[in-house]
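# return a 3D structure for these sequence lines:
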Amino acid sequence: MIYSIVKKMKHKIYIGADHAGYNEKEKLKKYLLETKHIVLDTSRKYKEKDDYPDIAKDLAKKLKKEKDKKSVGILICGSGIGMNIAANKVKGIRAAQIYDKFSAKYSKIDNNINVACFRAREFRYRKMRKLVNIWLDTAFSNEKRHKRRISKLE
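Down below sits the predicted model:
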């Protein structure tokens with residue numbers, strides 16, 4: 001089966017991070033802006049005692065209201081897990097934790113996720129950047145079986 005790759009497509013990207021992912025978010029935001037994406041930072045200034053559920057839900061709600069349905073979100077926290085759980089509480093959001101090339105590619109092909117979650121701890125920024133590119137450059141398969149499964153999530 002052949003899946004399409006969306007090369008060089010510019011995206012509108014909402015990005016957010018808690019204190020644990022703040023530095024990586026700043027580096028990734030700079031990179032995404034340099035590569036001509038539209039980046040909207042929804043996280044607050046660095047605060048050691050911020051809470052990832054607040055940041056994830058804020059980004060998810062803004063993304064849900066977005067008129068351009070091709071817009072996506074990226075969330076970064078210490079483990080990536082907390083952001084993933086919190087974002088998925090918002091109806092219409094399909095978030096997944098990305099940790100390797102396979103999860104970056106097939107989270108989009110099969111599940112058409114609109115929020116990618118990353119861990120900041122013990123995860124190299126260069127790897128994160130590479131996985132973000134794979135995720136952004138991959139298109140949803142648009143297959144009936146995947147559409148049917150996604151509709152059951154809604």
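
# check contacts around the residue most central in space within the chain.
What sits nearest the mean C-alpha location of the chain, by CA atoms, centre = their mean, is Ala116, with 2.3 Å. With contact set as CB atoms under 8 Å, 6 or more residues apart in numbering, Ala116 has these partners: Val72, Gly73, Ile74, Leu75, Ala95, Ala96, Ile98, Ala104, Ser107, Leu131, Val132, Trp135. Glycine gets a C-beta too; all of them are placed from N, C-alpha and C.

# looking at this, the last one is in a strand?
No - assessed with DSSP: H, G, I helix; E, B strand; the rest coil, Trp135 is helix; it does not lie in a strand.

# please name the spatially closest residue to Asp51 (chain neighbours excluded).
Asp18 (7.0 Å; CB to CB, 6 or more residues apart in numbering).

# most surrounded residue in the contacts of Ala116?
For those, neighbours were counted using other CB atoms under 10 Å, and Leu75 has the most, 30 neighbours in all.

# which residues touch the strand or helix carrying that one?
Leu75 belongs to strand 72-77 when assigned by DSSP states H and E. For strand 72-77, contacts defined as CB under 8 Å, 6+ apart pick out 11-18, 20-21, 24-25, 28, 52, 55-56, 59-60, 63, 83-84, 87, 93, 95, 114-120, 128, 132, 136.

# among those residues, the buried ones, what's the ChimeraX command?
To isolate the buried members of these in ChimeraX, using 16 or more other CB atoms under 10 Å:
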select :11,13,14,15,16,17,18,20,21,24,25,28,52,55,56,59,60,63,83,84,87,93,95,114,115,116,117,118,119,120,128,132,136
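
# I'm done for today, thanks for sticking with me.
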